[in-house]
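Colleague: model this:
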Amino acid sequence: MRTPLLLPLLMLMLGVPALPACKNSRPAAAGTVASTTATQPQQQEAVLVFGRTACFGTCPDYTARFFADGRLEYEGREHAPVVGNRTVKLAPAVVQQLLREADQLGFAQLRDVYSKGALDLPSTTLTITTGKGTKSVRVDEGGPESLQKLFTQLDYEVQKALGVVAEK
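Modeller: A predicted model of the protein is given here:
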């Protein structure tokens, strides 16, 4: 008597893994877009990554990734201009201008870290990737005035893109 029950059970077990494959085998309903629609590939590597870290106070904590095509991917954490993730579009010329300013101040020749050892200060980081390679600089305290001006410009462009500051 047990043999007749094993055959349907075996067929059921072998057929269950195939059920998820059947899910997408139906044609799309009229007016819907199939999920296989091709999307344009996005540039994978940011050319500028600018970030500010938290401190024991109310320092803004965020990361902004600038892409050559003008895309800005933003992740705002505590005390940031905007909290949460956003992707916004800048003019590619803005990104190119920021890269030119970094090049003019000699970014590639800067030290990797500017710090005097304080533990409760926020850090500002900038990583630039070009055809020549990748260079990162972290500033806890001090740093060249020209670099501080670039940080101010980057901060302004991020806030402007997010719509939280007025035009200069």
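
Colleague: and the nearest residue to residue 139 once chain neighbours are set aside, how many neighbours does it have?
Modeller: Among residues not flanking residue 139 along the chain, residue 114 sits closest, at 4.5 Å (C-beta to C-beta, 6 or more residues apart in numbering). The C-beta positions use only the backbone N, C-alpha and C, and glycine is treated the same way. Residue 114 has 18 neighbours, counted by other C-beta atoms under 10 Å.

Colleague: tell me the contacts of residue 114?
Modeller: 137, 138, 139, 140, 141, 142, 143 (C-beta atoms under 8 Å, 6 or more residues apart in numbering).

Colleague: quick one: secondary structure of the most centrally placed residue in the chain?
Modeller: Centroid-nearest residue in the chain: residue 73, 4.1 Å away (criterion: C-alpha atoms, centre = their mean). Assigned with DSSP: H, G, I helix; E, B strand; the rest coil, residue 73 falls in the strand class.

Colleague: which parts of the protein are helices?
Modeller: 2-15, 19-23, 92-104, 145-162 (DSSP state H).

Colleague: which one of those has the lowest average pLDDT?
Modeller: Of all these, mean pLDDT reaches its minimum on helix 19-23 (a mean of 38).

Colleague: wait, doesn't residue 129 sit right on residue 45?
Modeller: Yes - proximity of residue 129 to residue 45 meets the contact threshold set by C-beta atoms under 8 Å, at 5.8 Å.

Colleague: looking at the chain, which helix or strand is least sure?
Modeller: helix 19-23 (a mean of 38; mean pLDDT, DSSP states H and E).

Colleague: so residue 129 and residue 45 - more neighbours on which side?
Modeller: Between residue 129 and residue 45, residue 129 has the larger neighbour count (other C-beta under 10 Å), namely 16 against 10.

Colleague: pLDDT score for the more buried one?
Modeller: Value for residue 129, per-residue pLDDT: 96.

Colleague: about what we covered before: tell me which two of the contacts of residue 114 sit farthest apart.
Modeller: The span of the contacts of residue 114, defined through C-beta to C-beta, is set by 137 and 141 at 13.1 Å.

Colleague: looking at the two, which one has more neighbours?
Modeller: Using other C-beta under 10 Å as the criterion, residue 137 and residue 141 rank with residue 137 on top: 22 against 12.

Colleague: who's that one bridged to?
Modeller: Per DSSP bridges, the residues bridged to residue 137 are residue 126.
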